[in-house]
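Visitor: coordinates only, sequence not included:
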């Protein structure tokens with residue numbers, strides 16, 4: 001898979017996540033956040049299980065079974081997913097959706113910064129203005145023009161850290177193991193089981209609520225987790241982590257589009273400008289490095 005193909009796959013992932021926003025908004029009205037998270041991630045694990053089994057058989061046939069260290073890395077990815085979701089959901093309880101939507105996007109500039117500080121990988125120069133444009137675009141799109149930081153906002157800000165680390169590491173783990181579907185399955189199981197255990201201890205759980213929310217849970221479990229999160233693991237084997245963070249942030253843009261089409265939401269002029277900034281940043285981080293390669297080849 002080429003870098004361009006990987007980036008296009010990431011755009012498709014962001015499209016799915018954007019469409020899932022509507023289902024998540026509907027499903028959360030009937031079940032608690034951790035119950036919703038736990039069940040949908042376990043559904044996602046079931047979706048990818050046949051492909052994970054194929055990966056496992058291939059590794060066994062080649063005598064390259066995961067080492068204990070590899071399993072610890074997969075568990076770590078699952079914990080990062082759970083931590084990001086939990087911190088975000090705790091914050092949403094005491095902040096506005098507008099603030100949460102913008103503050104979650106802080107993971108976008110965090111990824112290239114962490115990549116540089118931690119992995120000593122200096123991204124293409126276009127990533128820095130692209131990340132900043134994405135952050136400004138998310139701010140305008142959210143409508144959070146008077147951002148007052150409270151306790152809930154701090155929880156959401158904290159959630160950006162595990163999300164950024166997850167984006168930074170997931171491709172490296174999958175590439176090292178050469179079994180992206182097994183990695184995806186493992187992290188889904190870890191996140192799903194721990195979130196479900198959390199829900200059973202801390203949230204009211206009822207069969208009636210699950211039945212009412214069955215449609216949104218199934219939609220997000222199959223598409224958002226089973227297909228999109230799995231595709232993320234595959235795509236990030238070939239895409240730079242900083243590029244991936246910017247492209248995946250376009251889920252905000254797609255969420256606005258689906259909100260317009262399905263929920264009657266309307267964007268202000270500032271929101272449209274925000275969409276434009278996110279779109280321009282996505283195009284820039286894909287096209288500018290290609291222009292440099294074209295010049296080098298022609299020189």
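Guide: Great, that's in hand. As the structure is a computational prediction, the values presented were derived from the model and not from experiment.
Visitor: give me the buried stretch members for the helix or strand that contains residue 172, please.
Guide: Following DSSP states H and E, one finds residue 172 within helix 151-177. Buried residues in helix 151-177, counted by 16 or more other Cβ atoms under 10 Å: 152-153, 155-171, 173-174, 177. In this view, the C-beta of every residue, glycine as well, is placed from N, C-alpha and C.
Visitor: enumerate every residue touching the residue lying closest to residue 111 once chain neighbours are set aside.
Guide: Nearest residue to residue 111, sequence neighbours excluded (Cβ to Cβ, 6 or more residues apart in numbering): residue 245, at 3.8 Å. Contact analysis of residue 245 by Cβ atoms under 8 Å, 6 or more residues apart in numbering lists 107-108, 110-112, 131, 164, 167.
Visitor: between the residues you listed, which is nearest residue 55?
Guide: Distance to residue 55, by Cβ to Cβ, is smallest for residue 167 among these, at 21.5 Å.
Visitor: tell me where the stretch 101-250 of the chain has helices.
Guide: For the stretch 101-250 of the chain, helices defined by DSSP state H, counting those that start in this stretch occupy the ranges 107-118, 127-142, 151-177, 180-202, 207-212, 214-219, 230-235, 241-248.
Visitor: that older thread, now do the helix holding residue 172: distance to the chain's middle.
Guide: With Cα atoms, centre = their mean, to the nearest Å as the basis, helix 151-177 stands 9 Å off its chain's centre.
Visitor: just checking, what packs against that helix?
Guide: Contact here means 3 or more Cβ pairs under 8 Å, 6 or more residues apart in numbering; DSSP states H and E; on that basis helix 151-177 packs against helix 68-93, helix 97-104, helix 107-118, helix 180-202, helix 230-235, helix 241-248.
Visitor: out of those helices, which is closest to residue 222?
Guide: Of these, nearest to residue 222 by Cβ to Cβ is helix 230-235, at 10.8 Å.
Visitor: and the spatially closest residue to residue 77 that is not a sequence neighbour, what does it touch?
Guide: Excluding its sequence neighbours, the residue lying closest to residue 77 (Cβ to Cβ, 6+ apart) is residue 187, at 4.1 Å. For residue 187, the contacting residues are 74-75, 77-78, 81, 170, by Cβ under 8 Å, 6+ apart.
Visitor: circling back to that earlier point, name the nearest of the contacts of residue 245 relative to residue 257.
Guide: Residue 257 lies nearest to residue 108 out of those, by Cβ to Cβ, at 19.0 Å.
Visitor: pLDDT wise, what is the closest one at?
Guide: On the pLDDT scale, residue 108 is placed at 72.
Visitor: and the gap between it and residue 194?
Guide: Counting by Cβ to Cβ, to the nearest Å, the separation of residue 108 from residue 194 is 26 Å.
Visitor: more neighbours: those two, which one.
Guide: residue 108 (30 against 21; other Cβ atoms under 10 Å).
Visitor: mean pLDDT for the helices of the stretch 101-250 of the chain: which is lowest?
Guide: helix 127-142 (a mean of 71).
Visitor: so residue 165 is in contact with residue 117, correct?
Guide: No. Applying Cβ atoms under 8 Å, one finds residue 165 not in contact with residue 117, separated by 11.8 Å.
Visitor: picking up where we left off before, quickly compare the helices of the stretch 101-250 of the chain and say which is most buried.
Guide: Of all the helices of the stretch 101-250 of the chain, helix 241-248 has the most neighbours on average by mean count of other Cβ atoms under 10 Å, namely a mean of 27.
Visitor: now the angle from that one to helix 107-118?
Guide: Per axes from the mean of the first three to the mean of the last three Cα atoms, to 10 degrees, the angle that helix 241-248 makes with helix 107-118 is 180 degrees.
Visitor: before we move on, back to that, most surrounded residue in the contacts of residue 187?
Guide: Of the contacts of residue 187, with other Cβ under 10 Å as the count, residue 170 tops at 27 neighbours.
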